[in-house]
Structures are given as structure tokens and as C-alpha cells.
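Peer 1: This is the structure alone, sequence omitted:
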Ligand code: ATP
Ligand code: MG
């Protein structure tokens, strides 16, 4: 029996016209994450994806990597068998033999319709064979052990352990987004959610170095490395924000500072988006979480830019966001202390119901055109690969412009 990983996807089936495109992209993403794991290249067969693995491959590493590939509903380590029912009986038994179980079921599926037996017949034949040898009872509802049999082209695949995939859509099938990534808890989760829906995230981080230290940038780099495990590589723009902040601090009322910071951050992020040929911005806002996230302030902040701003966490409680952050591993990085650029000199009682006319009047008194240009020109760009690969490659702004 040869060893394979059989990979199933759900939602892809729904997108009829695009099915090839989605499946090919998923195959490509799987091949990319499994590079150097000793697995053969993934191929599409009978509505699933198959990866052949040799006897010496690091199977646990392969499983770990696949568990982060979006678009996979579930996957399993499977063994191939000739299609004849007698072979299925024998091979199912050799897979099960020696395991401890009081009840079991056989769950056959016939993807190759030229196979002469229906899935019910396979279940009955193989079930009777196993029952006789194990003495265990058949339980279709709540079996202690399930043996899956998938009859595909030319042979059948047998397995007893199914692993959950991440769900979502294959990364790269939903286009690119620009995510405003702070070192906090929320925006990494917002980015992860967008990546889960098939987007490639380009990150923008604003820092106040040299007025603050470089900790926030290092945190963002680590978060981007972690998210690169889901999207293969992450591009980050580090944009100096101190000079713009200085103008805002000197010339506008203290209560509206954070609102002005956010509006200028969005404007710069929009410029990055144009440069990257991206059409939407993403933030980690959730209604009412902090003063800048009241409905009124969200309205006024959003009006700084033309581009739509997606807020995937808008209706989530902090507790739900923290739960995801912990699960994906960004939480431990996010809670490291840093000097966030916006926590510098913020008021005790910030404005919670900003008025657009007043904010625009404040902005009309600011002379930040040069500072914004300088911020964009001095942005540092980094290509960050997964932490395991240990790579981060500076990309000169010049190169990025030509892309
Ligand atoms: P987070 O946990 O993501 O920092 P938050 O709850 O602290 O969010 P805010 O500080 O109001 O809320 O930030 C709202 C959103 O603005 C963030 O989720 C992020 O998308 C963006 N943002 C805030 N500060 C920065 C920054 N320094 N660089 C890039 N984006 C930022
Ligand atoms: Mg924050």
C-alpha cells in the first residue's frame, strides 16, 4: 500500500465557474507549503487533492503545515488499495487490526462511478469482514472508530483518522488588501480573517521612531512572520509617522488627536494601496472598543479616504478576538510591551462624537503635505517569510514602485 495525504475542500465546489481556478490555486499553495518536506507534488483527482508521501517523510510536519492552508476542509493520511472488494476488505482490516475499539463503521464513497459496487455495498461487505474479525459492533451514529474508503480513479484510499483543515478560501483567490497593522491584538486577527477568505494582505505599520523605540516594529515583523505561515510571505511597509504627529499635536485640540492620527494613517495607507494596486483597506476596529471606535468617530475617520475600509472584527467582542489571537499565536507577540505611536500624549477624555466639519477645519490649518510626502518616501519595505524559514528581506522602495 502506498502512502498519501488526501485533501478535501468544501466551499470550492460552490463556485462552479471558477472551480478550476480555485482548485489549481489550492494545489499551488499546498505545493508551496510542502516544499522540502519530502512530499511529491499535489495533484487533483476525482474532486480531491492527492499528495504522495514516501516512507521517510516527516509526516507530522506535513500535517502541521497543511493545517494552516486555507481552503482545506479536512485531510487525512491515507493508504492506497486496489479497487477489488476483497482487497478493500483485507486492506481495511490491516489498517484497523491492533487498534482498540468497541464499535466501528465503514464510510465508503465512490468517486469513480465505473466501480461496480455502490458505497452501501462496500460498507456492508467490508463492515461484515471487520465485524467478524474484531468482534466489535457496528455503530453508524457514534462509532469509536471510522474507516473511510474513497474509491477514486484506478484505486481506493483508506484511512482512519481525519484532521480538520482551516476552512476558508485558498490564499490568492480573492485579491490583495492593505491591512493597517499595529502591534496590538486586534489588527493581526483582522488580517488573519481576510487571509482566511482568500486575500493576500500587504501590511502598513506606522511608528514614531526615534521618539519611541523600535519595539513596535519588531512586534509587527514577528506578527507578519506568523501570518506568512498562512500566506507564504508578507510584505510590510514601515512608515515614519512622528513628523505628522508633531504637526497634529502642535496645531489641533488635544481631544481630537487620535481621530486626526487615524485619518492621516488611512490617507498614507491609501497611497500604499494605490502603489500596490489594491482597492480596499482593512483595520482591526470593533464598535465601541475604544473612543476612536464609536460609530460617529468611525464615520468621521472613514471619510478621510475614498477607498472602502473593511473591518472584519466590527461586531466581535474582545473575548472572541483574543480567543482567535491565542489560537493563531499572535496574542503572545501582541501583549509584549511596546511604545505605540498613538499612546503618546493622548487625552484622558478623548472626543467620542467627532464632527466632520470641525475635524476638517482643524485639518485645513495643518500644513502636512511635505511631511506626508517625506513619510511615504522614507517608508521601509520588508518581505517577511515564515519564522521557520528565518528570512526577512529588505525591499527598496524603488523596487516596490516598479511592481
Ligand atoms: P489594535 O489592537 O489592532 O491595535 P486597538 O483596539 O488598539 O486595535 P486602535 O488603537 O484604535 O484600536 O486602532 C484601530 C485600528 O487602527 C487598528 O486595529 C489598526 O488597524 C489601525 N492602527 C492603529 N495604530 C496603528 C499603527 N501604529 N500602525 C498601523 N495601523 C494602526
Ligand atoms: Mg492599538
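Peer 2: Done, it's in. Since this is a predicted model, take the numbers as computed values, not measurements. Ligands and ions are numbered 1, 2, ... in the order given.

Peer 1: Get me the contact residues on this structure for ligand 2.
Peer 2: Neighbours of ligand 2 within the chain, by CB under 5 Å from the ion: 182, 184. Glycine gets a C-beta too; all of them are placed from N, C-alpha and C.

Peer 1: For the chain, identify the residue most remote from the centre.
Peer 2: residue 132 (45.9 Å; CA atoms, centre = their mean).

Peer 1: ok now do residue 174, which residues does it touch?
Peer 2: 197-199 (CB atoms under 8 Å, 6 or more residues apart in numbering).

Peer 1: Look at residue 348 and report its pLDDT.
Peer 2: On pLDDT, residue 348 comes in at 76.

Peer 1: Checking it next. Helix, strand or coil?
Peer 2: coil (DSSP: H, G, I helix; E, B strand; the rest coil).

Peer 1: Now do it: how many residues are near it, please.
Peer 2: 6 (other CB atoms under 10 Å).

Peer 1: quick one: the top strand by length along the chain to chain centroid distance?
Peer 2: When the chain is parsed with DSSP state E, its longest strand is strand 72-81. Distance of strand 72-81 from the chain centroid (CA atoms, centre = their mean, to the nearest Å) equals 22 Å.

Peer 1: So that it lines up with my notes, have the first residue be 39 from now on.
Peer 2: Taking 39 as the first residue, the last one we looked at is strand 110-119.

Peer 1: Hey, what's the angle from whichever helix or strand comes after that strand to strand 110-119? Just curious.
Peer 2: As assigned by DSSP states H and E, the chain's next helix or strand after strand 110-119 is helix 123-134. Inter-element angle recorded for helix 123-134 and strand 110-119: 110 degrees (by axes from the mean of the first three to the mean of the last three CA atoms, to 10 degrees).

Peer 1: Can you tell me what sits against helix 123-134?
Peer 2: Contacts of helix 123-134 (CB under 8 Å, 6+ apart): 39, 117, 119, 142, 144, 155, 159-160, 163-164, 167-168, 171-172, 183, 185, 187, 194, 196-198.

Peer 1: Now list the buried members of the residues you listed.
Peer 2: 117, 119, 142, 144, 155, 160, 163-164, 167-168, 172, 183, 185, 187, 194, 196-198 (16 or more other CB atoms under 10 Å).

Peer 1: picking up where we left off before, ok, and the most crowded of the contacts of residue 212?
Peer 2: Counting by other CB under 10 Å, top hit in the contacts of residue 212: residue 237 with 26 neighbours.

Peer 1: Tell me the backbone dihedrals of that residue, please.
Peer 2: phi -90, psi 150 (degrees, to the nearest 10).

Peer 1: And it, how far from residue 89?
Peer 2: 25 Å (CB to CB, to the nearest Å).

Peer 1: Nearest to ligand 1 within the stretch 139-288 of the chain, name that residue for me.
Peer 2: residue 222 (2.3 Å; CB to the nearest ligand atom).

Peer 1: Equivalent analysis for the stretch 239-388 of the chain, please.
Peer 2: Closest point on the stretch 239-388 of the chain to ligand 1, by CB to the nearest ligand atom, is residue 322, at 2.6 Å.

Peer 1: What residues does that residue make contact with?
Peer 2: Applying CB under 8 Å, 6+ apart, the residues contacting residue 322 are 218, 220, 222-229, 349, 351.

Peer 1: correct me, but residue 120 touches residue 195?
Peer 2: No: between residue 120 and residue 195 there is no contact under CB atoms under 8 Å: 11.6 Å.

Peer 1: residue ranges of the helices in the protein, please?
Peer 2: Taking DSSP state H, the helices of the chain run over residues 57-71, 97-104, 123-134, 157-172, 224-234, 253-269, 280-289, 295-313, 333-340, 356-366, 369-372, 394-402, 407-415, 435-440.

Peer 1: For the last one, the averaged confidence score.
Peer 2: When pLDDT is averaged along helix 435-440, the result is 43.

Peer 1: Adjacent strands (with direction) for the longest strand of the chain?
Peer 2: strand 41-46 (antiparallel), strand 194-197 (antiparallel), strand 200-205 (antiparallel) (DSSP bridges).

Peer 1: Please dump those strands into CSV; it should also carry distance to residue 179 and mean pLDDT for every row.
Peer 2: Shown next, in CSV, are those (distance: least, CB to CB, whole Å; pLDDT from 0 to 100):
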stretch, distance to residue 179, mean pLDDT
strand 41-46, 22, 96
strand 194-197, 20, 97
strand 200-205, 17, 95
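
Peer 1: a markdown table for the ones you listed, including distance to ligand 1?
Peer 2: A markdown table is the format used below for the strands paired with strand 110-119 (distance: least, CB to the nearest ligand atom, whole Å):
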| stretch | distance to ligand 1 |
| --- | --- |
| strand 41-46 | 33 |
| strand 194-197 | 40 |
| strand 200-205 | 22 |
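
Peer 1: deepest of these, which one?
Peer 2: strand 194-197 (a mean of 24; mean count of other CB atoms under 10 Å).

Peer 1: before we move on, back to that, tell me, which of the helices of the chain is the model least confident about?
Peer 2: Among the helices of the chain, helix 435-440 scores lowest, at a mean of 43.

Peer 1: care to break this structure down by domain?
Peer 2: What automatic domain parsing lists as the domains of the chain is 41-202, 214-439.

Peer 1: Looking at the stretch 339-441 of the chain, which residue is nearest ligand 2?
Peer 2: Nearest to ligand 2 in the stretch 339-441 of the chain, going by CB to the ion, is residue 378, at a distance of 5.7 Å.

Peer 1: Stretch 409-427: which residues count as buried?
Peer 2: In stretch 409-427, counting by 16+ other CB under 10 Å, buried: 409-410, 413-414, 417-425.

Peer 1: would you list those residues in CSV and tack on distance to residue 403?
Peer 2: Listed next are the buried residues of stretch 409-427 as CSV, based on distance: CB to CB, whole Å:
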residue, distance to residue 403
409, 14
410, 15
413, 19
414, 22
417, 26
418, 30
419, 32
420, 35
421, 39
422, 39
423, 44
424, 46
425, 45
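
Peer 1: What count of nearby residues applies to the residue of the chain found nearest ligand 2?
Peer 2: Distances between the chain and ligand 2 by CB to the ion are smallest at residue 222, namely 3.3 Å. Residue 222 is flanked by 19 other residues according to other CB under 10 Å.
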